[in-house]
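Asker: below is the sequence, then the predicted model.
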Amino acid sequence: MNSGNWQWDTFFEAFPMVLEGLGITLGLTVATYLFALIFGFVWTLLSAIPIKPLRWLFRWIMEFIRSTPPLVQLFFIFYAWPMVPVVGFALDPFTSAILGLGIHFSTYIGEVYRSGIEAVDKGQWEAARGT
């Protein structure tokens with residue numbers, strides 16, 4: 001097969017697989033985004049705990065998650081997670097991807113929530129409460 005010639009039969013043969021991959025990608029994107037939006041709010045609440053050692057712990061965990069590459073996290077969840085003695089169960093690839101990417105990007109969304117909340121002036125909070 002000459003790489004310079006377009007092969008329509010190859011295109012039509014591969015097209016259903018491309019559409020299937022597109023569906024999986026869109027499903028993974030939506031599921032990960034929803035997971036990250038919800039869990040980002042959890043990170044925001046955890047990083048606002050008034051007990052300083054706990055707040056520092058959660059902030060450190062968030063920084064650690066953000067500083068490691070998502071691919072490393074995905075490999076850990078899919079391959080190493082089942083080897084943890086207490087866990088002992090494997091996740092399917094789609095669930096692993098949702099958890100890995102969702103947790104990773106939820107830390108960024110949590111920072112977006114936190115900065116948005118902190119950007120509101122104290123006087124505006126008091127005016128909204130009616131005090």
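Answerer: Sure, I can see it. Fair warning: this is a prediction, and the values are worked out from it, not measured in the lab.

Asker: quick check: buried residues in the helix ranked longest in the chain?
Answerer: As assigned by DSSP state H, the longest helix anywhere in the chain is helix 8-46. Buried residues in helix 8-46, counted by 16 or more other CB atoms under 10 Å: 28, 31-32, 35-37, 39-40, 43-44, 46. For glycine as for every other residue, the C-beta is placed from the backbone atoms N, C-alpha and C.

Asker: same for the helix or strand immediately after it in the chain, what does it pack against?
Answerer: Counting by DSSP states H and E, the next helix or strand C-terminal to helix 8-46 is helix 52-67. In terms of contacts (3 or more CB pairs under 8 Å, 6 or more residues apart in numbering; DSSP states H and E), helix 52-67 is packed against helix 8-46, helix 93-119.

Asker: residue 75: which of these is closest?
Answerer: helix 93-119 (8.7 Å; CB to CB).

Asker: can you redo the helices and strands packed on helix 52-67 as a markdown table with distance to residue 125 and mean pLDDT?
Answerer: Converted to a markdown table, the helices and strands packed on helix 52-67 look like this (distance: least, CB to CB, whole Å; pLDDT from 0 to 100):
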| stretch | distance to residue 125 | mean pLDDT |
| --- | --- | --- |
| helix 8-46 | 16 | 95 |
| helix 93-119 | 9 | 95 |
